[in-house]
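# following is a predicted model, sequence given first.
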Amino acid sequence: MKTFAVFPGTFDPLTNGHVDIIQRASKLFDKVVIAVAKSPSKHTMLSLDERVALAKESVKELENVQVEGFEGMLVDYLQKREANVLIRGIRNSTDYNYESQLFGMYRAYIPNLEIVMLQTELNVSYISSTLVREIVIHNGDIKKLVPQCVYEKLKQK
């Protein structure tokens, strides 16, 4: 059986921390899908189409990784795609505690789903999309925090 893993998120914007998780997951699983959530309640800085395009550009060298957008509940998306592994990135104990709570919810809907938590490398563990957006709002430099294509796009905003 091929292992199909999904790494979901809003990726608003995709950061070097996300890319770290994606690169490492691509070495562990036969296929990895970056599932970019529409998430209307989050009032994203970038549109879904922009976030999907930037994610595709950022991981284009990874042959077993694809990117697709989705809307609605993650569990519905996972069931529709028949994914058997959910990838979650964690930076610290706060992320771990939050993801541990979600674990039970995901398993209640999809009992056979396995959840793999990958800790980000220390050199990118301080990066979050929220902090990157805050820096962008205040015209700060995000060049070291995001892939080049994301940097270029956000410079335009």
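Noted; the coordinates are in hand.

# quick check, pLDDT for the nearest residue to residue 59 once chain neighbours are set aside.
Excluding the flanking residues, the one nearest residue 59 by Cβ to Cβ, 6 or more residues apart in numbering is residue 65, at 4.9 Å. Quick note: C-beta positions are derived from backbone N, CA and C, even for glycine. Looking at residue 65, its pLDDT reads 98.

# same thing with the one 5 residues further on?
Among the per-residue scores, residue 70 shows a pLDDT of 97.

# same check on residue 1?
At residue 1, pLDDT is 55.

# can you map out the strands along the protein?
With DSSP state E applied, the chain shows strands at 4-9, 31-37, 65-70, 85-90, 114-119, listed in chain order.

# give me whichever of those strands is most buried.
strand 31-37 (a mean of 24; mean count of other Cβ atoms under 10 Å).

# that strand pairs with which strands?
strand 4-9 (parallel), strand 65-70 (parallel) (DSSP bridges).

# which other helices and strands does the helix or strand of the chain with the lowest mean pLDDT contact?
Across the helices and strands of the chain, mean pLDDT, DSSP states H and E gives its lowest value to helix 93-109, namely a mean of 90. Counting contacts by 3 or more Cβ pairs under 8 Å, 6 or more residues apart in numbering; DSSP states H and E, helix 93-109 packs against helix 74-81, strand 85-90, strand 114-119.

# could the strands paired with strand 31-37 go into TSV alongside distance to residue 105?
Formatted as TSV, those follow (distance: least, Cβ to Cβ, whole Å):
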stretch	distance to residue 105
strand 4-9	13
strand 65-70	18
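
# closest one to residue 136 among the ones you listed?
strand 4-9 (17.6 Å; Cβ to Cβ).
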